[in-house]
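J.: Model the structure of this input:
(chains A and B)
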Number of protein chains: 2
Amino acid sequence: MTELKAYTHYVEDELRKLNFPDVPLDLYEPLRYFLALGGKRIRPTLTLLGAELFETNKEEVISQALAIEIFHNFTLVHDDIMDDAPLRRNQTSVHEKWNENVGILTGDIMLIKAFQLLSEVDNERLPLVLELFNKTAIEVCEGQQHDMDFEMRNDVSIHEYIEMIRLKTSVLLGCALKMGAIIAGASEKDQNAIYAFGQHVGIAFQIQDDILDLYADPEKFGKQVGGDVIANKKTILHLTAISKATKEQMEFSKQLQNENNIELKVSRTKELFDHLGVKEDCKERMQMHYTQAKQALAKIDVPDDRKKHLLELASFLMDRDL
Amino acid sequence: MTELKAYTHYVEDELRKLNFPDVPLDLYEPLRYFLALGGKRIRPTLTLLGAELFETNKEEVISQALAIEIFHNFTLVHDDIMDDAPLRRNQTSVHEKWNENVGILTGDIMLIKAFQLLSEVDNERLPLVLELFNKTAIEVCEGQQHDMDFEMRNDVSIHEYIEMIRLKTSVLLGCALKMGAIIAGASEKDQNAIYAFGQHVGIAFQIQDDILDLYADPEKFGKQVGGDVIANKKTILHLTAISKATKEQMEFSKQLQNENNIELKVSRTKELFDHLGVKEDCKERMQMHYTQAKQALAKIDVPDDRKKHLLELASFLMDRDL
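T.: Now for the predicted structure:
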């Protein structure tokens, strides 16, 4: 990861260099605050790597990399309002620190800023860059709406769930990579392959996230193990369990959702999942997407050593103890 | 206005033709609902007129005209949440009919859709079109934040207020016109002149709006006369009064803000304003911007009869009984 860190630092530096006006204070202060909260800066790094894979310097795509990071932050600011989340990266979320109106408007200006940065590209590439970004941005919103809808539904299929996480989070990874590839002048075939790589890594990562929630080592896990179970979230674990459960097990699972003893709720749910082999199924599904990601990358027509960083980043993302 | 109506109908037709997906239902249903609420469609009409002024057919700029209308609707949906407004065009606002989360996301998708439609332009014009739109969109957000900030402040100057309404509403009129002019290949000088025309008409219209709130004929006015006074809004009338008031009148004005008898509050405020000559001052200011608008239009290098529709639209906007 040492070499990859250089990319992240470059993104951080360039993000800091962005010049936002001082007034209106309640518009630009929250924006600065939120962008400074940090994060892994995975998406902009992907854009830099996507360009470098096709021999284009990171400096050539930094504006679009920042655009994607700011777009991502826009979704976080608005999602935090929608989820009523008081914290983001262990700091107060924008709507909590200021108020909801500030949160809405800060997100709005971020979205516009993203488009502004995106537009800083050769006229020749601009139409393709915009087309990809517009499509992705719409998909991300659709994914967020599906996610909210699913909370109200009891008949969500695994297929629908995968499609939801694909839209909500994975297409943006694909977009980030393809953006770099487009600007670097990669062939359409290679553009699509790198997009597929990002998308499958994204899906695998999200499945892993769901698994970790219940199966992470409590010592290493930053948050409460079983948080999704406690909140009755319809994760891939839950949906897999439901798809395999007998009528009685289904009934038992429903009862567990109303269990007030949190420890009991988590341990009994885990027992049920273990009995049904849920973890293994989900790991297999995750592995399948990870394999598809690597297959897509393998198809790209550049020497293998140039793919090193991308494989490293993918394995960094996937390498959490399961 | 008969000829102008043809433009509005064209906009309505094309707006209806936009194809939005069916799912997620809670994302696209509110979008369709809101876009169907109507409105005068002034902004897209301005884009069509801006293009026709420079001999370009409305069909050439309809996507950008719709982009501006949808952007405008995005601001309305989010503003309604921020102002907690239950009604829009006498119908239930989106966050009231659904909920706040739906309102936030519907606005977001509208903003992205606006960019998508905007991008449907010749590659050659795309950079300028985007640059103008990005700048305008940021200004509109800044204006909205100033507006919210002003509600908390007691030292807003008339100059600041004019700047706020310029940002919040007038730049979009300028942008709508200039957008048409850019695509029609107008000279930079003419582009700027038509922008100035739109901006000054916008400011004049907003000042007129403030005046009408208190001085409209109750028979013709669609809403309660004096609504701004009752809500203690810092309109141009209020700010003008404050700028001319003696210490005693200032004190009296403050007392009136706490008056619970609404009729008394409105009539006494009006008496004070009349005594200070507030209406005349504001009308003069309004007239000044209207004159500046017409002067800007006069400078544009096309035969006068081609400016007919724009002048008609401006006079339609300004021709409410004062």
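
J.: A:Lys283 sits in which helix or strand?
T.: In the assignment (DSSP states H and E), A:Lys283 maps to helix A:278-298.

J.: Mind giving me the packing neighbours of that helix?
T.: With contacts taken as 3 or more CB pairs under 8 Å, 6 or more residues apart in numbering or on different chains; DSSP states H and E, helix A:278-298 sits against helix A:188-215, helix A:236-244, helix A:308-318. Bear in mind the C-beta positions are built from the backbone N, C-alpha and C, glycine included.

J.: TSV for those, including distance to chain B?
T.: Formatted as TSV, the helices and strands packed on helix A:278-298 follow (distance: least, CB to the nearest CB, whole Å):
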stretch	distance to chain B
helix A:188-215	18
helix A:236-244	18
helix A:308-318	27
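
J.: Throw these into a markdown table and include mean neighbour count, thanks.
T.: Formatted as a markdown table, the helices and strands packed on helix A:278-298 follow (neighbours: other CB atoms under 10 Å in any protein chain shown):
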| stretch | mean neighbour count |
| --- | --- |
| helix A:188-215 | 22 |
| helix A:236-244 | 20 |
| helix A:308-318 | 17 |
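
J.: of those, which approaches A:Gly38 most closely?
T.: The minimum distance between A:Gly38 and the helices and strands packed on helix A:278-298 falls on helix A:308-318, with 16.6 Å, by CB to CB.

J.: Only C-alpha atoms, please: export that closest one in PDB.
T.: Output in PDB follows, covering the C-alpha atoms of helix A:308-318 (Å, rounded to 0.1, in the frame of the first residue of the first chain):
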ATOM      1  CA  LYS A 308      -0.200  -4.000 -10.100                       C
ATOM      2  CA  HIS A 309      -1.600  -0.900  -8.300                       C
ATOM      3  CA  LEU A 310      -5.200  -1.700  -9.200                       C
ATOM      4  CA  LEU A 311      -4.800  -5.300  -8.000                       C
ATOM      5  CA  GLU A 312      -3.200  -4.000  -4.900                       C
ATOM      6  CA  LEU A 313      -6.000  -1.600  -4.200                       C
ATOM      7  CA  ALA A 314      -8.600  -4.300  -4.800                       C
ATOM      8  CA  SER A 315      -6.900  -6.700  -2.500                       C
ATOM      9  CA  PHE A 316      -6.500  -3.900   0.100                       C
ATOM     10  CA  LEU A 317     -10.300  -3.500  -0.100                       C
ATOM     11  CA  MET A 318     -11.000  -7.200   0.000                       C
END
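
J.: give me the number of residues near A:Pro127?
T.: 16 (other CB atoms under 10 Å in any protein chain shown).

J.: can you tell me the average pLDDT over the host helix or strand of it?
T.: When elements are assigned from DSSP H and E, A:Pro127 belongs to helix A:126-152. Averaging the model's pLDDT scores along helix A:126-152 yields 96.

J.: Show the contacting residues for the closest residue in space to A:Arg166 that isn't next to it in sequence.
T.: Nearest residue to A:Arg166 in three dimensions, chain neighbours excluded: A:Ile203, at 5.8 Å (CB to CB, 6 or more residues apart in numbering or on different chains). By CB atoms under 8 Å, 6 or more residues apart in numbering or on different chains, the residues touching A:Ile203 are A:162, A:165-166, A:170, A:289.

J.: In strands only, show me these.
T.: Secondary-structure check on the contacts of A:Ile203 using DSSP state E: no residue lies within strands.

J.: Kindly reformat the residues you listed as CSV containing neighbour count, pLDDT and distance to A:Lys97.
T.: Putting those into CSV (neighbours: other CB atoms under 10 Å in any protein chain shown; pLDDT from 0 to 100; distance: CB to CB, whole Å) gives the following:
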residue, neighbour count, pLDDT, distance to A:Lys97
A:Ile162, 18, 98, 35
A:Ile165, 22, 98, 29
A:Arg166, 20, 98, 32
A:Ser170, 25, 98, 30
A:His289, 23, 98, 36
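
J.: Looking at these, spot the one nearest A:Asp79.
T.: Each of these was checked against A:Asp79 using CB to CB; the closest is A:Ile165, at 13.8 Å.

J.: my read: that closest one touches A:Gln208, true?
T.: No: contact criterion CB atoms under 8 Å: A:Ile165 and A:Gln208 do not qualify, at 11.2 Å.

J.: For A:Thr88, grab phi and psi.
T.: No Thr there; residue A:88 is Arg. phi -140, psi 120 (degrees, to the nearest 10).

J.: any idea of the pLDDT on it?
T.: A:Arg88 is assigned a predicted lDDT (pLDDT) of 92.

J.: For burial, what's the neighbour tally of A:Gln255?
T.: A:Gln255: 11 surrounding residues under other CB under 10 Å.

J.: Please identify the helix or strand for it.
T.: In this structure, A:Gln255 sits in helix A:247-257 according to DSSP H and E.

J.: Quick one: work out the angle between whichever helix or strand comes after that helix and helix A:278-298.
T.: On the C-terminal side of helix A:247-257, the nearest following helix or strand under DSSP H and E is helix A:262-276. With axes from the mean of the first three to the mean of the last three CA atoms, to 10 degrees defining the directions, helix A:262-276 sits at 70 degrees from helix A:278-298.

J.: who are the neighbours of helix A:262-276, in terms of helices and strands?
T.: Using 3+ CB pairs under 8 Å, 6+ apart as the contact criterion, the neighbours of helix A:262-276 among helices and strands are helix A:188-215, helix A:227-230, helix A:236-244, helix A:247-257.

J.: neighbouring contacts of the last one?
T.: For helix A:247-257, the external contacting residues (CB under 8 Å, 6+ apart) are A:232, A:241-242, A:245, A:265, A:268-269, A:272, A:275-276.

J.: before we move on, what about stretch A:274-290?
T.: Identification of contacts with stretch A:274-290 by CB under 8 Å, 6+ apart yields A:200-201, A:203-204, A:207-208, A:210-211, A:215, A:236-237, A:240-241, A:244-245, A:249, A:273, A:314, A:318, A:322.

J.: Give me the distance from it to the chain's centre.
T.: Here stretch A:274-290 is found 20 Å from its chain centre; the criterion is CA atoms, centre = their mean, to the nearest Å.
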